[in-house]
Structures are given as C-alpha cells and as structure tokens.
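Novice: need coordinates for the below:
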Amino acid sequence: MTTNNQSLLTYVLRLADSPLILSQRLGERCGHAPELEIDMALANIGLDLLGQARNFLTYAARLSGPGFDEDRLAFTRDEREFHNLLLTEQPNGGFNDTLVRQFLMDNFNQLLYRALSHSSDEQLAAIAAKSLKEADYHVRYSNGWMIRLGDGTDLSHSKIQQSLNELWRFTDELFYADGVEHELVQLGIAVDPESLRQPWLAQVGNTLKQATLQLPQETPYRRGGKQGEHTEHLGFILAEMQFLQRAYPNCNW
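Specialist: Sure, this is the predicted structure:
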C-alpha cells in the first residue's frame, strides 16, 4: 500500500493550520493580558506554535511542488482551504476564555505529538519530537493556571467553569477522523485521533478535579474545520493575517 500524496498533503496542512491559527489568536493578546508575566508567557507560547506551524508548512510546501513555500501556504490560501480545528479559531474573550481554549488544545497537542513522534514518516516524526518538548511546557503552564483560577475565588471559579462549558462543544472534533486520516493511519503515518480520546479525558479530568471544576455534561458536537468548514471567526483572522501579502503580492523586507 503506497501513500496518496494528496492525502498526506491534506494531513500535514491540518497539522500546520491549527497551531498557525492558534498562534495568531495568542498574538492578539499581546499587551492585553492581566499582568506582564502572563503577557510574555502567552506571547512565547504563540511563538512556539508559530514555529511548529512553519515546520509543518515547510513540509507541506515540499509536497505541493515547485513554486510553493510556507509563506505562500500561510498567506494566499482562502478560508475554505484552511484545515484548522474549530476550537483554535474561537475568540480570545477574557483571559478565562483564552486559558480554557489553550488548556484543551495543549493537552491534546501533547498526546498528539507524543504519538506522532513514532510516525513511519520520518519528517513528521522529527517535527513532532521537537514540538513535544514545547508542548510539555505548554501543558504545565495552562494546567497550572486552570488549578489556580478554578480553585481560587468564587469569581475566578465561575468564570473558568463558564468558559469550559462554552468551549466544550468544539472538543469532539479533536478526535474525529475522516477517510484521509484513516488511510494514513493504516500506513503508520498518521495518528488515529480516537486513540487519544481516553488519555485526553483522563489528563483533562485530573486537572479539573484539582481545580474543583466540573466536566461539562453537554455532548460535544461542533466539527468541520478539518474539511474547511469554519465558524464566522476564521475569515476575520485571515483578513488581518494575510492583509500585507494580499495588498502587496510577493513583497519582501
């Protein structure tokens, strides 16, 4: 059984687009965090995610053929050509919303990169192994703040719980696999996201218990980002992120 190049390209773009869009969201928070230390930490996490996205986009550009590079893939694709998870494009809101979004994604990314580091695709395995070191730090950071605020004051507890309840509906997509991923899982290239569900629930549940927070009872249901079907938020992110390249095509410093 041989690799379908288009399937591999789509999978790599999915791996690239989620950290790319999440890094843009964190970049929006620069100068707006509740204190300087948090501001710097979120900016650094955003830079880590941008570096991960660039590594995946560089590989995707090579798969795309001559004339492609990571900049072209990041700045010239339209909304329906992006494959990021819907969770990553949700608004920053208050710090509680940003934190919960990060907490859910960080725990998923850690498990994903740990599994992907054993991919039969050497390039994906290498990118994942490098990214895992950063993901481990991200988990420690977001888990720590979830516990501080969840088990903090009545106000901080209620705000974190509210954000968790609102963002929970997007978590099912983390573990949904379509034909593209099923094909690559059979080849040992991709990670079966369903295999990450129980470990993720265990990790997230343990932190929520320490934070005296409740796992939402609502069944997660929102998905479609992997297939290019996004919420209304992504278009606004891309309008800002891609403005310079679209206004001045092929510009360089």
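Novice: low-confidence ranges in the stretch 51-200 of the chain?
Specialist: Judged by pLDDT under 70, the stretch 51-200 of the chain has no weakly predicted residues.
Novice: do a quick rundown of the strands in it.
Specialist: When assigned using DSSP state E, counting those that start in this stretch, the stretch 51-200 of the chain turns out to have no strands.
Novice: how about the helices in it?
Specialist: Shown for the stretch 51-200 of the chain, the helices assigned by DSSP state H, counting those that start in this stretch span residues 70-75, 95-116, 122-150, 154-167, 179-186, 197-210.
Novice: so which of those is the most packed in?
Specialist: Among those, helix 95-116 has the highest mean neighbour count (mean count of other C-beta atoms under 10 Å), at a mean of 24. For the C-beta atoms, the positions are set from N, CA and C on the backbone; glycine is no exception.
Novice: and that helix, what does it pack against?
Specialist: Other elements packing on helix 95-116 under the criterion 3 or more C-beta pairs under 8 Å, 6 or more residues apart in numbering; DSSP states H and E are helix 5-28, helix 36-64, helix 122-150, helix 154-167, helix 197-210.
Novice: okay, angle between it and helix 122-150 too, please.
Specialist: Regarding helix 95-116 and helix 122-150, their directions subtend 150 degrees when assessed with axes from the mean of the first three to the mean of the last three C-alpha atoms, to 10 degrees.
Novice: can I get the helices of the stretch 51-200 of the chain in TSV with distance to Arg62?
Specialist: Rendered in TSV, the data for the helices of the stretch 51-200 of the chain read as follows (distance: least, C-beta to C-beta, whole Å):
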stretch	distance to Arg62
helix 70-75	10
helix 95-116	18
helix 122-150	8
helix 154-167	34
helix 179-186	17
helix 197-210	30
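Novice: wait, which of these is closest to Ser18?
Specialist: helix 95-116 (7.6 Å; C-beta to C-beta).
Novice: Phe108: which of the helices and strands packed on helix 95-116 is closest?
Specialist: helix 197-210 (5.8 Å).
Novice: if we can go back for a sec, tell me which of the helices of the stretch 51-200 of the chain lies nearest to Leu8.
Specialist: Leu8 lies closest to helix 179-186 among the helices of the stretch 51-200 of the chain, at 6.7 Å (C-beta to C-beta).
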